[in-house]
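> pasting the structure only:
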């Protein structure tokens, strides 16, 4: 089947979390296979797309990378609108950013539920390359995920690529499965 004959669908995925946790870097690692070392603050929102083809369908994922800084809080409701899934990113760093970004996960979840309803939400525990991974209490993290009804968590590193493709591909399979007319 030619590309012009395929059924096409755009699916919006909101990517949120505190500023500096690596949202933009994770999206770039997945969609472009690159990593930019210099931190550049997202202003408002940045949109990246990624096309997934099957024999009959083309799904275009639109990743809305929403600025995590409080300066842009007033813009978020309009940026969330029509999202079919969300990714909340926090930093595993053992510092103030890491602790604060973990503590704010439930605030981000509340925003998603308020503006998007009950959509799948994944947690990306990012920057594993900056810590000793053995110190991550995965059982405790899984209990947190279960208690707060998140879909799943992934341990990721935008720098090394660890867990990035696995995490995004899990989401793609989930979104395809939710649309019964699209084969998983």
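Sure, I can see it. From a predicted model like this one, the values you see are computed outputs, not experimental measurements. Residues are numbered from 1 along each chain as shown.
> okay, now the residue lying closest to residue 90 once chain neighbours are set aside: neighbour count?
Excluding the flanking residues, the one nearest residue 90 by CB to CB, 6 or more residues apart in numbering is residue 101, at 3.9 Å. Heads up, the C-betas are built off the backbone N, CA and C, glycines and all. Counted with other CB atoms under 10 Å, residues neighbouring residue 101 total 26.
> residue 101 contacts residue 16, correct?
No: applying CB atoms under 8 Å as the test, residue 101 and residue 16 come out as separate, 10.8 Å apart.
> okay, buried residues for stretch 163-174 please.
Across stretch 163-174, burial judged by 16 or more other CB atoms under 10 Å covers 163-164, 167-168, 171-172, 174.
> restricted to strands, list those residues.
Secondary structure from DSSP state E places none of the buried residues of stretch 163-174 in strands.
> and of those residues, the nearest to residue 85?
Of all the buried residues of stretch 163-174, residue 171 has the smallest distance to residue 85: 6.0 Å, by CB to CB.
> so what sits opposite residue 121 in the bridge?
Judged by DSSP bridges, the bridge partners of residue 121 are residue 86.
> quick revisit: give the residues shared as contacts by residue 101 and residue 16.
Listed contacts common to residue 101 and residue 16 are residue 89; contacts here mean CB atoms under 8 Å, 6 or more residues apart in numbering.
> show me what the longest helix along the chain is packed up against.
Counting residues, the longest helix found in the chain (DSSP state H) is helix 164-178. Helices and strands touching helix 164-178, by 3 or more CB pairs under 8 Å, 6 or more residues apart in numbering; DSSP states H and E, are strand 7-16, helix 23-32, strand 45-53, strand 57-66, strand 85-91, strand 121-126, strand 152-155.
> other SSEs contacting the fifth one?
Counting contacts by 3+ CB pairs under 8 Å, 6+ apart, the secondary-structure elements packed against strand 85-91 are strand 7-16, helix 23-32, helix 96-103, helix 105-116, strand 121-126, helix 164-178.
> angle of that strand against helix 23-32?
120 degrees (axes from the mean of the first three to the mean of the last three CA atoms, to 10 degrees).
> which positions in strand 85-91 come out as buried?
For strand 85-91, by 16+ other CB under 10 Å, it's 85-91.
> pull the most distant pair out of those.
Maximum distance among the buried residues of strand 85-91 (CB to CB): 21.1 Å, for 85 and 91.
> fine by me, thanks again.
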